[in-house]
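Undergrad: Fold the following and give me the result.
(one chain, ligands or ions: 2)
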Amino acid sequence: MAATRQAFARFVREQEVCGDRPEANRARGGNGRGLPGDDTQTLLKTIFVVDPLARHQTDLARALGAQYRVKTFSDTVTAKAAAKADLPSLIMVAESAPPDGGLAAIQHLKATLGNRAIGFIGMTRDPASFFAESCRREKIPFLVKPVSNHALFDLITKSISQPIEDRWATLGDNERRALVQTVELFRALPDQILSGEPVQYDHIKDSCGPLVTAVCNNKLSDVLSGVKGHDNYTYVHSFRIAVFLSHFGHELGLRDDDLLTLSTGGLIHDLGKVAIPHQVLNKPGKLTDDEWTIMKTHVDRGLEVIDCIEDVPRGVVTIAAQHHEKMDGTGYPRGLKAAELNELARMSAIVDVFGALTDERIYKPPHPPDKALAIMRDMGPNHLDQHLLGLFREMLLDTASYLADV
Ligand SMILES: [Fe+2]
Ligand SMILES: [Fe+2]
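TA: Residues are numbered from 1 along each chain as shown. Ligands and ions are numbered 1, 2, ... in the order given. Below you'll find the model as predicted:
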C-alpha cells in the first residue's frame, strides 16, 4: 500500500516539472478533441493580469496561454475599462498595481463590476507583506511568487469556480449538499491518500448520499446546472457521470446501496486524472501519441488510489477499471471483450461517452443530448452495448425536458 501511495505521489509531483507544450503540437482533431477552424480561442475563459512589470505579464501569459485567454494590463484603470467590454472570469492583480496598489485595485474592481461572477487573485513575493495580510483578512485568494505550475493552476481553478460555488447557496438544502459535499470530497481525497491518512469508503458514501437523493427526487436539472461554468473539469465530468449513472440505475430499478455504488463509482472513476499533467489533461488541441499514452494511464493511476480506500465495493472498482473498455476488445487499459464486461462495465462505458460528448471543454462546445446519442448509436455494437444504449436513450428521452439545458 505504501509503495502504491509513493508511486501515485511521484506521478502527481511529475506534473510540476512539465514544461509548456510546444506551439507546433497544437494541431486540431483526433482523440475526440479539436474543432474545425480555429474556434478554440472563443471557448477559453478569459483571465486579466494587472501588473506594472512587463516581464511578469509575459511570464503569466506564457504559463496560462494554452488554457486561458490572457489579457495583460499595466494599471487598474485600463483593466477596468476593458472588463466592461469583455468580462473576464478571473482578474489577477499584483501587489504593486497602479495607481493605488493591489488591495485598492481589487476592492475597486469588485465594487465596479458588481455581482458579476468574477474571481480575484492577489500576487505578491512576500507572504508576510501588508498586502498578503490584507488578502488573508479580506478572504481574497493570493499567490506568493515563485509558484509551481501545479499550485498556480490549482488556485486559478478554485478562484474561477468560487463565484459558481457561491451560487449553490440559493439551491434547496439537499441539492446544495449534493454539490458542496462532492466538491469537498473531490478536493480532499487525493491529498488525504497522499498523506497516508486512511480513507474509509463510508465517508465517500456519505458524501454522495445527497446526490443520490437528488436523483431519486428528480432534481437532476438543479444539480447539473450547478456545475455549469465550474473550472475544475475533472470534478464537473465526474459529478455528471455520478448523476447520470445513478439516474440510469434508478430507472433500471436499483435502490439504496446499489445507487450509492453507482454514484461513488461515477464520482471517483477518473480520480487517476489527478496524476495526469495539467498541460495534457487540459490541452486544447490534439494529443500527440506520447500524450495519449500518458492520458490512458489515468485508469491504472485511479485504481492505485482506489486500492487505498478501505472497504470499497467491487462495483466501484469495476466502474473505475472498465469505463474505457469496448465490446470488441479495442478499449483500454486491458482490452477486455464483451463476454468479460458485465452490465456495470457496459453501463459505465455508455455513461462516460455520453458525459464526455455533452461536457463543455476548452477544446469543444458540449453536444446536445440528442446529437450525443446519435453519435453513440453510430459507434455501433463493437464499441457500446446497444441494448443498454437503447435503455439509456429511452431514459433520457423521458427526462429530456429537464436535461435539455444541461
Ligand atoms: Fe476515464
Ligand atoms: Fe470519465
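Undergrad: and the residue lying closest to T112 once chain neighbours are set aside, how many neighbours does it have?
TA: Among residues not flanking T112 along the chain, K80 sits closest, at 5.7 Å (C-beta to C-beta, 6 or more residues apart in numbering). Where you see a C-beta, it was placed from the backbone N, CA and C, and this is true even at glycine. Per other C-beta atoms under 10 Å, the neighbour tally for K80 reads 18.
Undergrad: Provide the secondary structure category for K80.
TA: Here K80 is helix, with the state taken from DSSP: H, G, I helix; E, B strand; the rest coil.
Undergrad: quick one: contacts for it?
TA: By C-beta atoms under 8 Å, 6 or more residues apart in numbering, the contact set of K80 is 108-109, 112-113.
Undergrad: What of G65?
TA: Contacts of G65 (C-beta under 8 Å, 6+ apart): none.
Undergrad: so how far is I319 from it?
TA: 35 Å (C-beta to C-beta, to the nearest Å).
Undergrad: and what of I106?
TA: On the measure of C-beta to C-beta, I106 and I319 end up 43 Å apart.
Undergrad: more crowded one of the two?
TA: Legend: neighbour count by other C-beta under 10 Å for I106 and I319, higher for I319 (30 against 25).
Undergrad: The more buried one contacts I350, correct?
TA: No - taking contacts as C-beta atoms under 8 Å, I319 lies outside contact range of I350: 11.7 Å.
Undergrad: Residues of this structure that sit close to ligand 2?
TA: Listed as neighbours of ligand 2 in the chain under the rule C-beta under 5 Å from the ion: 270, 352.
Undergrad: Domain parsing of the chain, as residue ranges.
TA: 44-164, 171-403 (automatic domain parsing).
Undergrad: what residue is smack in the middle of this protein?
TA: Y233 (1.8 Å; C-alpha atoms, centre = their mean).
Undergrad: so what's that one up against?
TA: 281-282, 359, 361.
Undergrad: Next: R69.
TA: R69 neighbours (C-beta under 8 Å, 6+ apart): 41, 44-47.
Undergrad: same question, H367
TA: 357-358, 375.
Undergrad: ok, which stretches of the stretch 51-200 of the chain are strands?
TA: With strands called from DSSP state E, counting those that start in this stretch, the stretch 51-200 of the chain shows them at 69-73, 90-94, 119-124, 142-144, 199-200.
Undergrad: and among these, the most buried is which?
TA: strand 90-94 (a mean of 27; mean count of other C-beta atoms under 10 Å).
Undergrad: how far does it sit from the chain's center?
TA: 22 Å (C-alpha atoms, centre = their mean, to the nearest Å).
Undergrad: is it true that Y363 touches G285?
TA: Yes - using C-beta under 8 Å, Y363 is in contact with G285, at 6.6 Å.
Undergrad: returning to what we had before: whichever of the contacts of R69 end up buried, select them in PyMOL.
TA: Buried subset of those, written as a PyMOL selection, criterion 16 or more other C-beta atoms under 10 Å:
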select buried, resi 44+45+46+47
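Undergrad: between the contacts of R69, which is closest to V183?
TA: K45 (18.1 Å; C-beta to C-beta).
Undergrad: So for the closest one, what's the nearest residue that isn't a sequence neighbour?
TA: In space, K45 is closest to S89, 4.1 Å off (C-beta to C-beta, 6+ apart).
Undergrad: Export the contacts of R69 as CSV, with columns for secondary structure.
TA: As requested, the contacts of R69 are arranged in CSV below (three-state DSSP):
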residue, secondary structure
Q41, helix
L44, coil
K45, coil
T46, strand
I47, strand
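Undergrad: Which of the contacts of R69 sits closest to K296?
TA: Taking the contacts of R69 together and measuring to K296 by C-beta to C-beta, the closest member is L44, at 25.2 Å.
Undergrad: Low-confidence stretches in the stretch 251-400 of the chain?
TA: 400 (pLDDT under 70).
Undergrad: got the residue ranges for the helices in it?
TA: 256-268, 278-281, 289-296, 298-306, 314-322, 343-358, 369-379, 386-398, 400-403 (DSSP state H, counting those that start in this stretch).
Undergrad: packing partners for the second one?
TA: Helices and strands touching helix 278-281, by 3 or more C-beta pairs under 8 Å, 6 or more residues apart in numbering; DSSP states H and E, are helix 149-166, helix 289-296.
Undergrad: now the angle from the longest one to strand 90-94?
TA: Interaxial angle of helix 149-166 relative to strand 90-94 (axes from the mean of the first three to the mean of the last three C-alpha atoms, to 10 degrees): 130 degrees.
Undergrad: nearest spatial neighbour of L87, skipping sequence neighbours?
TA: That would be R116: by C-beta to C-beta, 6+ apart, it lies 6.0 Å from L87.
Undergrad: So which of the contacts of Y233 wins on neighbours?
TA: Most surrounded of the contacts of Y233: other C-beta under 10 Å gives L281, at 21 neighbours.
Undergrad: how near is that one to I306?
TA: Relative to I306, and taking C-beta to C-beta, L281 is found at 19 Å.
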